[in-house]
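Trainee: My questions are about this predicted structure, shown below with the sequence.
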Amino acid sequence: MSASHRTPRALTLPRLAVAAATVALAAVACSSGGGHATGASSTSSTSSTSSSKPSTRATATAMTATTAASATVPHSAPSGKGAFLGPVRQVPVDGIKIGYRQFGSGPDLVMVMGDTGTMSDWTVDLLSRLARHYHVTIFDNRGVGYTTDDTSVPDTIPLMADDTVGLIKALGLRHPALLGWSMGGEIGLTVAALHPGAISALVSSGGDLGGSEAINTPAAVAKELNSPETTGPQMMDLLFPADATGARAAYIEQLGLIPPEKVGDETLLRQYQAGQAYESFEGTWNKLPDSTIPMLITNGSLDRITPPGNASIITHRAKHAKRVMFPDAGHAMLVQDAGRFVSLVTRFTRASGVA
């Protein structure tokens, strides 16, 4: 999403979870996978209620990083349907500690979350489906949840791309595939443009290239996203089409399957500023044509947050990109149609030579 309206999207994931919780409190109370947040961020806390889909996988073995520098965070392992995710671990990366989880088996897949979203904002359903095909690494961006921050330096999309590459190196991953959603897709595109040797393939969902070529979020949508008066159902309207009632209900029903994490006000501001800076950052746009990384660019055709035209801009700019639109889906298309999305990702990575 173009940065002239980044304040709203920077608040989308945590505010959505909190707002949705007001209409699904009973579902949270009945969840078997709840727990207490133990976030490592040094910022003041604004709780981000997790939102996750039930796993269709009966059992899964949690896999931990092989690096000796990593340490397990006590009491961070989910119970119930999210138990396969295992505990959070932290590893030093370029002056901060990045919190992450690893699970599943197969080739490596690293997942990058969007603006101020935490690991608990991925749905258990999506993660369990991916874990059948990949050794998955999910993590918190700097300042979010279990990841610390260095507030002496400005937060930017290129810096978070550097963090992502640093994590890949710290964990000893060899050319993993990278999957990013929303701002995470923009971080992924920046990795592909500026650090193409770090990854083997990229899946970007609901992101843009920043700079002057990005298509802005409509002003009315931006205003609604940013308004404290926007209700839970209204926030759901921004992520899902009106007729996607089943996907909405499932998304809300699974709140609490992963213990929530903390997102502080300072982090909200810093990631907003990162988005603002991305508006004038031309590095991703300039370098993307030089990248030989195979890319899968996905977007919901009914996305109200990141206009679908951004997917075409990315695909035309990159030499090795394929665009796939989800015709009946919005910004949360990878949640709304997780089965199709995961099938698409697995076919793409296999075709791209990801072992």
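Mentor: Great, that's in hand.

Trainee: Could you pull up the residues touching V153?
Mentor: Under the criterion of CB atoms under 8 Å, 6 or more residues apart in numbering, the contact partners of V153 comprise L159. In this view, the C-beta of every residue, glycine as well, is placed from N, C-alpha and C.

Trainee: make it 6 Å
Mentor: For V153, no residue counts as a contact, taking CB atoms under 6 Å, 6 or more residues apart in numbering as the criterion.

Trainee: Check the one 5 residues further on too.
Mentor: Contacts here follow CB under 6 Å, 6+ apart; on that basis P158 touches T190.

Trainee: Quick check: what element follows the longest strand anywhere in the chain along the chain?
Mentor: Of all the elements of type strand in the chain, the one with the most residues (DSSP state E) is strand 96-104. Secondary structure here is assigned by DSSP states H and E; on that basis, the next helix or strand after strand 96-104 toward the C-terminus is strand 108-112.

Trainee: Next, the angle from that next one to strand 96-104.
Mentor: In this structure, strand 108-112 runs at an angle of 130 degrees to strand 96-104, with axes from the mean of the first three to the mean of the last three CA atoms, to 10 degrees as the basis.

Trainee: Distance-wise, check L179 relative to I199.
Mentor: 10 Å (CB to CB, to the nearest Å).

Trainee: more crowded one of these two?
Mentor: When neighbours are counted by other CB atoms under 10 Å, L179 comes out ahead of the other of L179 and I199, with 27 against 24.

Trainee: Quick check: closest non-adjacent residue to the more buried one.
Mentor: V203 (4.3 Å; CB to CB, 6 or more residues apart in numbering).

Trainee: quick one: low-confidence ranges for the stretch 251-355 of the chain?
Mentor: Counting by pLDDT under 70, the stretch 251-355 of the chain shows low-confidence ranges at 255, 355.

Trainee: Mind doing that once more with 50?
Mentor: For the stretch 251-355 of the chain, applying pLDDT under 50 flags no range at all.

Trainee: just the strands in it please.
Mentor: Counting by DSSP state E, counting those that start in this stretch, one finds strands in the stretch 251-355 of the chain at the ranges 261-263, 295-300, 321-326.

Trainee: Name every strand pairing with the second one and say which way it goes.
Mentor: When pairs are called by DSSP bridges, strand 295-300 turns out to pair with strand 201-205 (parallel), strand 321-326 (parallel).

Trainee: CA-only coordinates of stretch 84-91 in PDB, if you can.
Mentor: Coordinates of the C-alpha atoms in stretch 84-91 are reproduced here as PDB (Å, rounded to 0.1, in the frame of the first residue of the first chain):
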ATOM      1  CA  PHE A  84       2.600 -27.800  16.900                       C
ATOM      2  CA  LEU A  85       4.100 -24.300  16.700                       C
ATOM      3  CA  GLY A  86       6.300 -24.900  19.600                       C
ATOM      4  CA  PRO A  87       8.000 -22.300  21.800                       C
ATOM      5  CA  VAL A  88       9.300 -18.900  20.800                       C
ATOM      6  CA  ARG A  89      13.100 -18.700  20.500                       C
ATOM      7  CA  GLN A  90      15.200 -15.500  20.300                       C
ATOM      8  CA  VAL A  91      18.400 -15.000  18.400                       C
END
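
Trainee: Buried ones in that stretch, by neighbour count?
Mentor: By neighbour count on 16 or more other CB atoms under 10 Å, the buried set for stretch 84-91 is 84-86, 88-91.

Trainee: cool, stretch 251-270 as well?
Mentor: In terms of neighbour count (16+ other CB under 10 Å), stretch 251-270 has its buried residues at 251-264, 266-270.

Trainee: That one spans what distance, first to last residue?
Mentor: 28 Å (CA to CA, to the nearest Å).

Trainee: starting at the chain centroid, how far to it?
Mentor: Taking CA atoms, centre = their mean, to the nearest Å, the mean C-alpha location of stretch 251-270 is offset from the chain mean by 12 Å.

Trainee: One more: stretch 162-169?
Mentor: The gap between the average C-alpha position of stretch 162-169 and the chain average comes to 15 Å, counting by CA atoms, centre = their mean.

Trainee: residue nearest the centroid of the chain?
Mentor: Among the residues of the chain, the one closest to the centroid is M113, at 1.7 Å (CA atoms, centre = their mean).

Trainee: quick one, phi psi at it?
Mentor: Here the main-chain torsion angles of M113 (degrees, to the nearest 10) amount to phi -80, psi 160.

Trainee: now D337
Mentor: Dihedral angles of D337 (phi, psi; degrees, to the nearest 10) stand at phi -130, psi 60.

Trainee: Now do the strands in the stretch 1-150 of the chain.
Mentor: So, for the stretch 1-150 of the chain - with DSSP E, counting those that start in this stretch - the strands run 46-48, 71-72, 89-93, 96-104, 108-112, 135-139.

Trainee: Which one of those lies nearest to L344?
Mentor: Each of these was scored for nearness to L344 using CB to CB, and the closest is strand 108-112 (13.5 Å).

Trainee: No more questions from me, cheers.
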